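S.K.: Any chance you could fold what I've pasted below:
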Amino acid sequence: MAAEQSDIQSFFSTCNIQELKWFIDSTVAWLTRPRPSPEQINTIEFHGEAIELRINKNTRTISYPSLLDLDSVENWNCSLLSSLISELINAHDPAWDNSNVLTKPSRIRCRATIERALQRLMKGYDFPEGVDAYFSDPALGRCWLDFQDAFREVRRANNITDDPESMPATPLSPKTSTPRLLYYDSLPQCSVFEKDVSPKTKFHGANVTLILPCAGRSSRFPGHKPKWLLTQPNGRLMVVDAISTLDLTNVTRVVIGVLWEDFLKYCNNDPDALFAAFDDGPLILQETPMTLCIIGSETVDQVQTIECMLRACEVGGPIFIKDYDSSFMGPIAEGNGIAYMQITRDILNISTPADKPYITIDDKGRVNNIVEKAILGDNVCVGGYSFKSGAKFGLVAKQRRDLMKQTACAETELAISDVIWGYMTPHDQHIVDVDWFFPIPVINYNDWGTLSAWKRYVRTFSTLFIDIDGTLFKSSGQYFAPKWGSQPSLLENVAYVQSLRRKARTQIILTTSRPESLRAETELQLELWEVPYDQLVMSMLQAQRIMVNDYSNTNPFPSAKAVNLRQDADDLRENLVFE
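M.R.: You can find the predicted model right below:
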């Protein structure tokens, strides 16, 4: 049976910036309150003090540990700090993972935030008699000191600095098609290719690099090629469709990161072919410099994929990171921001709401919290993240990964939301000196994160072959009245076709036995009755018509259907059923 979640775990796994600051300020005030003499301790009356630390963020109350069991002034504050440090000690115990009710992402958040709170408490409260004197169990004090020493040692061993300029911010200079091989710490080896763009191309907006990390294993698409390579109904690759609805005005460069194994197997090791796929997207992509980063071995998580891309492609300036398994309409600009939407009727467009990050927004319009796979409210992240500096992103990501090592989370995947929380709870600054993120509202969100969600999306598209005479117009003939082109429309059927066109997911191909010589008259009649269509196929036989189409895992059976209507029946809506 899973262990019951403690107040401490609940608070630190979901608290926002203001709540964390409230806890730290309140606790520092409690730690630094006037201390009684040994004689006064025996005369203090206790009214409802807790045996251990309890936090209720809903009522904004903290019950600090009781002093009943304390026998000296030196132990005045030990129970509080012991409670917090005990959580870190428990975090190193494998049994904590096996029995804890928190999800893995919540455990990362809980441990990391406790560590940040302890860092601030240790800076905000002076220990004049040494740390050991303030813990009922001296081992706890030594554990904290060891924890601090180990943390500093990891930073030193990994050459971690707090200087964002430690990474180059200059763009790539023109290079030959020969790839570069790069080695950075423990990051996988990478090869880099660039698409040639006319030097006459000029941009007048911001200088943002669009980052597309595509090195995941697509575990939710079993038996398929990597999902970023799947073909969408419009013929584009999923990764191209993922950015086609964005406002790319401020994007001066696109960087795609893919796994070498996938690129070799599915792209024939041909960078130009992949670049050509992007050229078939919005026209602006044809004029945008593009870099392909081929990652030599599997990364541990999406954040490490991004780290590889930033370092290998020397990206240090503003970046916008976009998931490849969703699309939305929204802006891209410099600054720290998180693309989000409010869950209302669009809930149907989200494949797995409980698996998304969620944000909360304070009264100043700033994002004050982001939590992975925990529903905080109705503001859900949709897979777009803006950062002022790629260099700082890499720095904060390394700090978070080092912190994960120190809190027994090293084998758990690091999420972008964890990095953003690292910005909000910086390592060496006061908790109010955060690098704020701002919400970026988006519309027209489509989620392709799971195979079922993607197939459901694909099924909303169709190519409709529809006959003209007897289906859209009352029947007529070639030689005798009423002749072709003279009959009125079947109003209900035409209205239904118009409604399908407004949804922009139906390709309409009109078919007719009318000869090619009557194309002009036919087009005039279609225009007069406002019949929408994409193509007009004429001179078809007046005979049975058979559609032959293939099916596959990504275009499942049946991939073709037939609808037979009684001649001049105005009931197309009732008989043409879309899944």
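S.K.: So which bits of whichever strand or helix holds Ile24 are buried?
M.R.: With elements delineated by DSSP states H and E, Ile24 resides in helix 17-31, which encompasses its position. Judged by neighbour count (16 or more other Cβ atoms under 10 Å), helix 17-31 contains these buried residues: 17, 19-24, 27, 31. From N, CA and C alone the C-beta is placed, and that goes for glycine too.
S.K.: elements contacting that helix?
M.R.: Counting contacts by 3 or more Cβ pairs under 8 Å, 6 or more residues apart in numbering; DSSP states H and E, the secondary-structure elements packed against helix 17-31 are strand 61-63, helix 78-91, helix 104-124, strand 367-372.
S.K.: re the thing from before, out of the buried residues of helix 17-31, which is nearest to Ile468?
M.R.: Using Cβ to Cβ, Ile17 is the member of these that lies nearest Ile468, at 63.0 Å.
S.K.: The closest one contacts Ile370, correct?
M.R.: No. Ile17 sits out of contact with Ile370 when judged by Cβ atoms under 8 Å, with a separation of 10.2 Å.
S.K.: which residues do those two both contact?
M.R.: Residues touching both Ile17 and Ile370 comprise Met424, with contact defined as Cβ atoms under 8 Å, 6 or more residues apart in numbering.
S.K.: one step back: the helix holding Ile24 relative to strand 367-372, how many degrees between them?
M.R.: Between the axis of helix 17-31 and that of strand 367-372 there is an angle of 100 degrees, by axes from the mean of the first three to the mean of the last three Cα atoms, to 10 degrees.
S.K.: now helix 17-31: mean pLDDT?
M.R.: The predicted model assigns helix 17-31 a mean pLDDT of 83.
S.K.: now that helix against helix 104-124, angle please.
M.R.: Using the same axes, to 10 degrees, helix 17-31 lies at 40 degrees relative to helix 104-124.
S.K.: Distance-wise, check the nearest residue to Ile17 once chain neighbours are set aside relative to Glu115.
M.R.: Using Cβ to Cβ, 6 or more residues apart in numbering and skipping residues adjacent in sequence, the residue nearest Ile17 is Asn368, 4.5 Å away. In this structure, Asn368 and Glu115 are separated by 20 Å, where distance is defined by Cβ to Cβ, to the nearest Å.
S.K.: Which one's more surrounded, the two?
M.R.: In terms of neighbours (other Cβ atoms under 10 Å), Glu115 is the more surrounded of Asn368 and Glu115; the figures are 24 against 21.
S.K.: my guess is Trp228 is in a helix, correct?
M.R.: Yes. With DSSP: H, G, I helix; E, B strand; the rest coil as the criterion, Trp228 is located in a helix.
S.K.: you'd agree it is up against Val240?
M.R.: No. Look at Trp228 against Val240 with Cβ under 8 Å: they stay out of range, at 9.2 Å.
S.K.: before we move on, back to that, least reliable of the helices and strands packed on helix 17-31 going by mean pLDDT?
M.R.: Per-segment confidence across these bottoms out at helix 78-91, which has a mean of 61 in mean pLDDT.
S.K.: residues contacting Thr352?
M.R.: Each residue near Thr352 by Cβ under 8 Å, 6+ apart is listed here: 449-450, 453.
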